[in-house]
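K.L.:
sequence below, structure please.
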Amino acid sequence: MAVGALDDLDTSLLAQGASIFTALSGTANVVMQLSRPEVGYGVKDSPVVEGSLFGNPSRRRRTTVAFLAVAVLGSADERAAYRNAVNTSHARVRSAPGATPAYSAFDPELQRWVAACLYRGFEESREHAFGPLAGAERAEFYRQGVIFGAMLQMPAELWPADREAFEAYWRAGLAQARIDPSVGAFLHRIIRLEYLDRRVPGPLLRLRAWLVTGYLPPELRTAMGLPWSGRRQRAFDRFNRVVGAVVRRQSAERRTRLFLAALEDVRARRAAGEDLLGG
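P.N.:
Residues are numbered from 1 along each chain as shown. A predicted model of the protein is given here:
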């Protein structure tokens, strides 16, 4: 299937995963993505420093939310425009000849892993808010998730055929995850908010580490050296139930307002002829 063929995909069900849960679990999702060594080194050593978390944290946050907003709420034209902007940035992200691990931001297999992590995050966010997906609804939610790969130029044929095939792919991916000391140190710096370059209160850092650890799969908690326990899991489950009850009472517009604001910014930049990733 040609790149762009899915730009007009209806993602109205997938958009139910866009809520505060997506923001709360965002850093854990970054850890998931970077647990693939090629992705980890591609991000850590990226030459696109003007768009990196440590080089320009406000821009990085804005463009990340905008990517998700355009993927699940944007029009076909907006998806194509944002994909083109991302491609321009990604063209610079490739390893030096002979480097290990070798990587390229245009590697379809790496794009599939990143897309799978994003999908997993949206699925869990949706289920925390509205309960488990099942039957035809689960199948359709998953089918719409291919948009994350499409936004990254992943060939649609690489998306696992159904939710059961995805689960097998996901479990295999976690079993093969490798976070070496260099990438691990980079991720711990992110968890500690060191990119803000200012002192962050201890209680906030402890809460952040708790959230990141809670939203991670057990395999990656171990890989990151993050302690967990049954008591912490029970507290984490209670936290998600409380937040989920709040999300369920919100209108769709209020629930997705962070993403809608990001989408409006993309539209304003396009109307002004500005760089969608700039600033």
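
K.L.:
can you pull out the low-pLDDT segments for the stretch 151-279 of the chain?
P.N.:
For the stretch 151-279 of the chain, applying pLDDT under 70 flags no range at all.

K.L.:
all helices of the stretch 51-200 of the chain, in order?
P.N.:
Using DSSP state H, counting those that start in this stretch, the helices assigned to the stretch 51-200 of the chain run over residues 57-73, 76-90, 108-130, 135-144, 146-150, 163-175, 181-191.

K.L.:
among these, which comes closest to F21?
P.N.:
helix 108-130 (3.6 Å; CB to CB). In short, each C-beta sits where N, CA and C put it, glycine included.

K.L.:
counting by contacts, list what that closest one packs against.
P.N.:
Judged by 3 or more CB pairs under 8 Å, 6 or more residues apart in numbering; DSSP states H and E, helix 108-130 is in contact with helix 20-24, helix 26-34, helix 37-44, helix 57-73, helix 135-144, helix 146-150, helix 163-175, helix 230-249.

K.L.:
wait, doesn't R120 sit right on R171?
P.N.:
No: counting by CB atoms under 8 Å, R120 stays clear of R171, with 11.3 Å between them.

K.L.:
who's more crowded, those two?
P.N.:
Neighbour comparison, R120 and R171: the larger count goes to R120, with 20 against 12 (by other CB atoms under 10 Å).

K.L.:
so how far is V48 from the more buried one?
P.N.:
R120 is 25 Å from V48, where distance means CB to CB, to the nearest Å.

K.L.:
for A261, same thing?
P.N.:
Taken as CB to CB, the span from A261 to V48 is 24 Å.

K.L.:
how much space between F67 and F259?
P.N.:
10 Å.

K.L.:
my bad, R143
P.N.:
20 Å.

K.L.:
more neighbours: which of the two?
P.N.:
F259 (23 against 17).

K.L.:
quick check, central residue of this protein?
P.N.:
L118 (4.0 Å; CA atoms, centre = their mean).

K.L.:
what's the distance between the closest residue to that residue other than its chain neighbours and Y119?
P.N.:
Among residues not flanking L118 along the chain, F148 sits closest, at 4.3 Å (CB to CB, 6 or more residues apart in numbering). Distance of F148 to Y119, given as CB to CB: 6 Å.

K.L.:
those two - which one has more neighbours?
P.N.:
Shown here are F148 and Y119; by other CB under 10 Å, F148 has more neighbours (27 against 24).

K.L.:
ok, which of the helices and strands packed on helix 108-130 comes nearest P181?
P.N.:
Taking the helices and strands packed on helix 108-130 one by one with CB to CB, helix 37-44 is closest: 11.3 Å.

K.L.:
which strands and helices sit next to that closest one?
P.N.:
helix 26-34, helix 108-130, helix 181-191.
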